[in-house]
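J.: the following comprises the amino acid sequence and a computationally predicted model.
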Amino acid sequence: MSARAVPGWVRAAWWGPFPAVTAAMTTRGYRFDAGVWTGLGSQLRAGGSLSVLTDGQCAKGGATGTVNGVRRAAAALAAAGDVDPEAVTQMGTPTSRAATPKPKRKQKPMSRSARLAAAKAAMTAATEQSPRPQVAPLEAPVAAAIAAFYPLKTDPAVWARIESVTREALTAYRPASPKWVSSHGGWVSRYVAWVAAGIDSADCEADGLTVQSLCTEGLVEAYLAGPLSTTSVQTRSSVRTVLRRVVRNVSGTPTPERIGHQPVQPPYAPAQCAAMVRLSRNQPTVARRRALSAVVALGLGAGLDARDQRRVAPDDVSRVDLGDGATVTVVTVRGPRPRTVVMRQAYVALLDEAVALHVEQGRSPSAPLFGLVESRHNVVCAVTGSSVTATGRGVEISAARLRATWLVAAMCARVPLAVLLNAAGLRSARTLADLLAYCPPPVKADIDRVLAALDDGGGDGGAADSEILAGAASVGTPAAGDVVEGGERS
């Protein structure tokens with residue numbers, strides 16, 4: 001997809017479920033690429049916040065970005081029903097039993113830090129076992145730019161000391177263009193000058209500074225934590241990338257192996273969701289019923305992962321009047337991804353039960369629904385590990401899969417993409433692109449609406465909004481009771 005075409009699709013993404021947007025792209029001859037939806041978070045999320053709902057009532061004339069009527073978006077999200085991933089023909093859903101005794105512990109996948117350590121060890125072994133490859137010479141314009149480079153505001157005496165090493169370092173970086181040398185060469189020269197100053201203060205020999213002096217382990221990190229400590233995070237990150245490449249090329253370390261994007265976990269099927277609701281309501285103690293009910297309700301009903309759930313207290317749950325007799329339940333999420341989320345109506349009753357048990361036990365309204373402290377990690381695992389079934393302790397319930405189930409349900413409802421991204425706390429639509437395989441094909445009417453919005457330049461939030469979002473609470477979504485059928489307490 002061309003860069004010119006992207007803004008049009010960003011605007012059109014307001015006008016239909018995400019699967020309909022991607023299907024419309026195919027209709028227009030564009031090859032769907034998940035990367036297109038990465039890095040456009042600020043554009044995709046613009047105007048999609050549901051925070052206006054926390055005032056207690058949303059006026060009928062309220063507007064959310066380019067979609068006139070946040071009430072409709074909230075109602076659509078509240079009415080979104082579970083989608084059966086096993087019924088989707090274009091993918092194979094991994095099978096996983098929910099609400100069953102936890103099997104013997106399987107080998108956990110490697111963490112990111114473990115994969116980085118393994119990659120570093122492999123690079124070290126490759127360096128020791130293989131000769132350093134021959135590097136092609138730089139293009140003439142780039143080599144000329146390095147030869148002519150002189151950093152601004154640099155003392156002539158300092159430059160005379162670091163000139164040769166700086167040019168060696170820039171050559172080792174292998175810039176792509178002469179422009180890069182002029183615009184970013186100062187990052188390298190300042191680092192070389194800092195290293196030279198450290199050598200001079202240590203009373204080393206005058207010729208102690210060499211390009212190998214730049215490669216001392218931990219030196220780049222010390223530079224970032226010292227002279228660059230007052231700069232922005234973005235600047236430090238960019239400088240670190242450049243300096244690490246210089247060090248890597250000078251020392252002959254192979255380029256690190258790219259760690260591939262890990263796709264999200266698959267959603268649960270409706271039958272599995274109903275089983276988890278039944279299990280939550282039939283735990284043998286009040287504390288276990290409260291904790292597991294909160295985990296399941298907040299995961300399936302609001303899409304909160306383990307990090308978000310550990311801070312939710314009864315004070316964060318409220319009712320909002322949308323007008324016309326419609327009321328939704330809203331959860332205010334605190335922590336690193338603060339936002340407002342509308343609960344899916346199918347799981348409001350389960351959350352209400354968890355709150356009632358919280359009060360019954362005499363816990364403070366500001367205390368978390370489960371756990372004792374907000375800073376505790378893996379609190380969801382503690383809840384599922386202590387839950388019981390008729391055959392033993394421990395149930396296989398994944399907070400990540402609960403969230404994926406909510407995401408797929410919201411994606412398939414008529415919820416504007418900006419509203420969905422804000423409610424989910426996502427910075428881009430890459431996660432949604434990974435979950436497309438679990439969504440049924442969109443209906444033609446939704447695709448036509450997206451195409452009409454695209455032809456209309458993305459719309460202006462006018463009269464067409466009412467028609468697009470009208471009936472969002474009832475069109476294309478199962479009734480709330482369908483999800484938890486048979487889920488009453490036995």
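T.: Nice, thanks for sending it over. Residues are numbered from 1 along each chain as shown.

J.: break the protein into its domains for me.
T.: Residue ranges for each domain of the chain read 6-107+265-483, 133-251, as given by automatic domain parsing.

J.: of the ones you listed, which is nearest Ala117?
T.: Of all these, it is domain 133-251 that lies closest to Ala117, at 15.0 Å by Cβ to Cβ. Just so you know, the C-beta spots here come from the backbone N, C-alpha and C atoms, and that holds for glycine as well.

J.: low pLDDT regions in this protein?
T.: Residue ranges of the chain with pLDDT under 70: 1-16, 31-49, 52-70, 87-116, 119-135, 201-207, 254-263, 374-375, 377, 456-490.

J.: kindly recompute the last result at 50.
T.: For the chain, applying pLDDT under 50 flags the ranges 1-6, 56-57, 59-68, 89-106, 130-133, 206, 458-490.

J.: strands of that one, residue ranges please.
T.: Using DSSP state E, the strands of the chain run over 63-64, 67-68, 317-323, 326-333, 339-342, 388-389, 392-393.

J.: nearest to Thr431, of these?
T.: Nearest to Thr431, of all those, is strand 339-342, at 15.0 Å by Cβ to Cβ.

J.: could you identify which of the domains of the chain is most buried?
T.: By mean neighbour count, with neighbours taken as mean count of other Cβ atoms under 10 Å, domain 6-107+265-483 ranks first of the domains of the chain at a mean of 19.

J.: re the thing from before, turn the domains of the chain into CSV, columns for distance to Ala118.
T.: What follows is the domains of the chain, written out as CSV (distance: least, Cβ to Cβ, whole Å):
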stretch, distance to Ala118
domain 6-107+265-483, 15
domain 133-251, 18
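
J.: so how far is Ala399 from the nearest residue to Val359 once chain neighbours are set aside?
T.: Spatially, and ignoring its direct neighbours in sequence, Val359 is nearest to Pro314 (7.2 Å; Cβ to Cβ, 6 or more residues apart in numbering). For Pro314, the distance to Ala399 (Cβ to Cβ, to the nearest Å) stands at 20 Å.

J.: ditto for Pro338
T.: Counting by Cβ to Cβ, the gap between Pro338 and Ala399 amounts to 19 Å.

J.: hang on, the earlier thing: let me see the contact set for the residue nearest to Val359.
T.: Residues touching Pro314, when contacts are defined by Cβ atoms under 8 Å, 6 or more residues apart in numbering, comprise Val355, His358, Val359, Pro365, Ser366, Leu369.

J.: check Val342 too.
T.: When the contact criterion is Cβ under 8 Å, 6+ apart, the partners of Val342 are Leu50, Leu53, Ala74, Leu77, Ala78, Ala302, Val328, Thr329, Val330, Ala423.

J.: partner residues bridging it?
T.: Note on Val342: beta-bridge partners Val330, judged by DSSP bridges.

J.: same deal with Val320?
T.: Taking DSSP bridges, one obtains Val328 as the residues bridged to Val320.

J.: surely it and Val328 touch.
T.: Yes - between Val320 and Val328 there is a contact at 5.4 Å, judged by Cβ atoms under 8 Å.

J.: now the nearest residue to Asp316 once chain neighbours are set aside: how far from Val320?
T.: Spatially, and ignoring its direct neighbours in sequence, Asp316 is nearest to Thr332 (4.5 Å; Cβ to Cβ, 6+ apart). From Thr332 over to Val320 the distance is 11 Å, taken as Cβ to Cβ.

J.: just Ser366 next, same as before
T.: 20 Å.

J.: longest helix anywhere in the chain?
T.: Among the elements of the chain assigned as helix by DSSP state H, the one spanning the most residues is helix 178-201.

J.: out of the contacts of Val342, which is nearest to Leu451?
T.: The nearest member of the contacts of Val342 to Leu451, counting by Cβ to Cβ, is Leu77 at 23.7 Å.

J.: how about the helices in the stretch 251-400 of the chain?
T.: Along the stretch 251-400 of the chain, the segments classed as helices by DSSP state H, counting those that start in this stretch run 270-281, 286-302, 306-309, 348-360, 379-386, 399-412.

J.: closest to Asp82 out of these?
T.: Short answer: helix 270-281, nearest of the helices of the stretch 251-400 of the chain by Cβ to Cβ, at 4.4 Å.

J.: isn't Leu224 right up against Arg236?
T.: Yes - between Leu224 and Arg236 a contact is recorded at 5.2 Å, counting by Cβ under 8 Å.

J.: now do the shared contacts for those two.
T.: Overlap between the neighbourhoods of Leu224 and Arg236 is empty, taking contacts as Cβ under 8 Å, 6+ apart.

J.: and Val317, how far is that from Leu369?
T.: If you measure Val317 against Leu369 using Cβ to Cβ, the figure is 9 Å.

J.: what does Ile447 give?
T.: Distance check for Ile447 against Leu369: by Cβ to Cβ, it reads 40 Å.

J.: same deal with Leu209?
T.: Counting by Cβ to Cβ, the separation of Leu209 from Leu369 is 60 Å.

J.: identify the residue nearest Tyr173 in space, chain neighbours excluded?
T.: Once flanking residues are discounted, Tyr173 sits nearest to Val246: 5.0 Å by Cβ to Cβ, 6+ apart.

J.: list the residues that contact that neighbour.
T.: Contact analysis of Val246 by Cβ under 8 Å, 6+ apart lists Ala169, Ala172, Tyr173, Val188, Leu214.

J.: closest to Pro270 out of these?
T.: Taking Cβ to Cβ as the measure, Pro270 sits nearest to Tyr173 out of those, at 54.6 Å.

J.: does the closest one touch Val188 like I think?
T.: Yes - taking contacts as Cβ under 8 Å, Tyr173 lies within contact range of Val188: 6.9 Å.

J.: which neighbours do those two share?
T.: Shared between the contact lists of Tyr173 and Val188 (criterion: Cβ under 8 Å, 6+ apart) are residues Val242, Val246.

J.: which of the contacts of Val342 lies closest to Leu152?
T.: Ranking these by separation from Leu152, with Cβ to Cβ as the measure, puts Ala423 on top at 47.4 Å.

J.: done for today, thanks.
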